[in-house]
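K.L.:
model the following, please.
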Amino acid sequence: MAGTTIRTNAERGLLLAILLSAVTLVLEIAGGILSGSLALLSDAVHVLLDLLSLLLSYGAIRVASLPPTDTRTFGWHRVEVFAALINGLTMLAASLWILYEAWGRYNRPVAIETGLLLVVAAVGLVLNGVSAVALHRGAVGDLNVRSAFLHVIGDTLSSLGVVVGAVVMAWTGWYRADALISAGIGLVVLWGTGRILRDALRMLLEGTPPGLDAGKVSETIRAVEGVDRLHRLHLWSLCSHIPVLSAHVEISPSHVSQRREVLETIRAALRREYQIEHVTLQPECGPECTFPTATALSHEADIHDHDPAGGSPSP
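P.N.:
Residues are numbered from 1 along each chain as shown. I've put the predicted structure just below:
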């Protein structure tokens, strides 16, 4: 249910943000050309990349909602990670381009039509602010939407900077401010790039999900009555909101006959304390004990199989 709510909020926010970004793009391109402002054109490039990222993010969410198949047993959740990676790379390219152009404009400043610049930038600020609010709820639980949210936040801040710069240039006639604002926009984009690429690469490399401490998770499992030892503990993320765990659990000889209950207790603790639904536990016992051969597999099978979409264990 929580995953469905996240996807619904994300889709609604993305659709509204796509519409508003398209309107902002047209206004800023026209305003940048007519006013001669590199800052406004830089912001338009930023908005264009954001619009593409929003479309990519929306498409990724729709694809990720497709059911699993025999050849893709986890479904399409990883599409979210690849979309976030592409978004981050486009942000990196945009930031470098903006910084390069800003350097050239600072050395060769030109006059700006500040009145038109101020009006267009103010409208863009309002539209970007509305888009950011629309995306905020979905950004909490979805890396892909968070990458789009950071895009729009960058647009909002850059639009604010353009408004301030337009006022400064109108009062002082110091047109190098246009280049400085452009450089500031580039740095904002660069900052967001680092965070998105870091998270996307962590998931692609199957690193431990943020907020999870492997040591604490291990302690939680070891604290369950009937657990002697734990080894081969692995924690990774299928996507931003689906953590996965696998481990080998050695059952104490006194609890071999209750191994099913021990595993169920572990799984319940992981769900309760860490919100980990995808859990695979391989029960083992020391050389001094053995599992009953007739029932071992049948008892553990339904503990390990989980719905790839994050549902409850299979019957």
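K.L.:
ok, longest helix in this structure?
P.N.:
helix 2-35 (DSSP state H).
K.L.:
and that helix, what does it pack against?
P.N.:
The contact analysis (3 or more C-beta pairs under 8 Å, 6 or more residues apart in numbering; DSSP states H and E) places helix 2-35 against helix 38-64, helix 114-139, helix 143-172. (Glycine included, C-beta is placed from N, CA and C.)
K.L.:
how's this protein carved up into domains?
P.N.:
The chain breaks down by automatic domain parsing into domains covering 2-204, 214-304.
K.L.:
reformat these as TSV; add mean pLDDT and mean neighbour count.
P.N.:
Converted to TSV, these look like this (pLDDT from 0 to 100; neighbours: other C-beta atoms under 10 Å):
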stretch	mean pLDDT	mean neighbour count
domain 2-204	82	20
domain 214-304	82	16
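K.L.:
follow-up on the earlier one: between the helices and strands packed on helix 2-35, which gets nearest to residue 250?
P.N.:
helix 143-172 (34.9 Å; C-beta to C-beta).
K.L.:
the closest one vs helix 2-35, what angle?
P.N.:
30 degrees (axes from the mean of the first three to the mean of the last three C-alpha atoms, to 10 degrees).
K.L.:
from residue 47, how far out is residue 53?
P.N.:
10 Å (C-beta to C-beta, to the nearest Å).
K.L.:
returning to what we had before: turn the helices and strands packed on helix 2-35 into TSV, including distance to residue 278.
P.N.:
TSV is the format used below for those (distance: least, C-beta to C-beta, whole Å):
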stretch	distance to residue 278
helix 38-64	15
helix 114-139	22
helix 143-172	17
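K.L.:
what does residue 281 show for phi and psi?
P.N.:
Main-chain torsions, residue 281, degrees, to the nearest 10: phi -120, psi 120.
K.L.:
what's the nearest residue to residue 273 once chain neighbours are set aside in contact with, if anything?
P.N.:
Counting by C-beta to C-beta, 6 or more residues apart in numbering, residue 220 is the residue found nearest to residue 273 once chain neighbours are left out, at 6.0 Å. Contacts here follow C-beta atoms under 8 Å, 6 or more residues apart in numbering; on that basis residue 220 touches 269, 270, 273, 274.
K.L.:
please apply the same query to residue 132.
P.N.:
Contacts of residue 132 by C-beta under 8 Å, 6+ apart are 149, 152, 153, 156.
K.L.:
adding distance to residue 102, write the residues you listed out as CSV.
P.N.:
Shown next, in CSV, are the contacts of residue 132 (distance: C-beta to C-beta, whole Å):
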residue, distance to residue 102
149, 25
152, 21
153, 20
156, 19
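K.L.:
SS state for the nearest residue to residue 270 once chain neighbours are set aside?
P.N.:
Excluding the flanking residues, the one nearest residue 270 by C-beta to C-beta, 6+ apart is residue 276, at 4.4 Å. With DSSP: H, G, I helix; E, B strand; the rest coil as the basis, the three-state label of residue 276 is coil.
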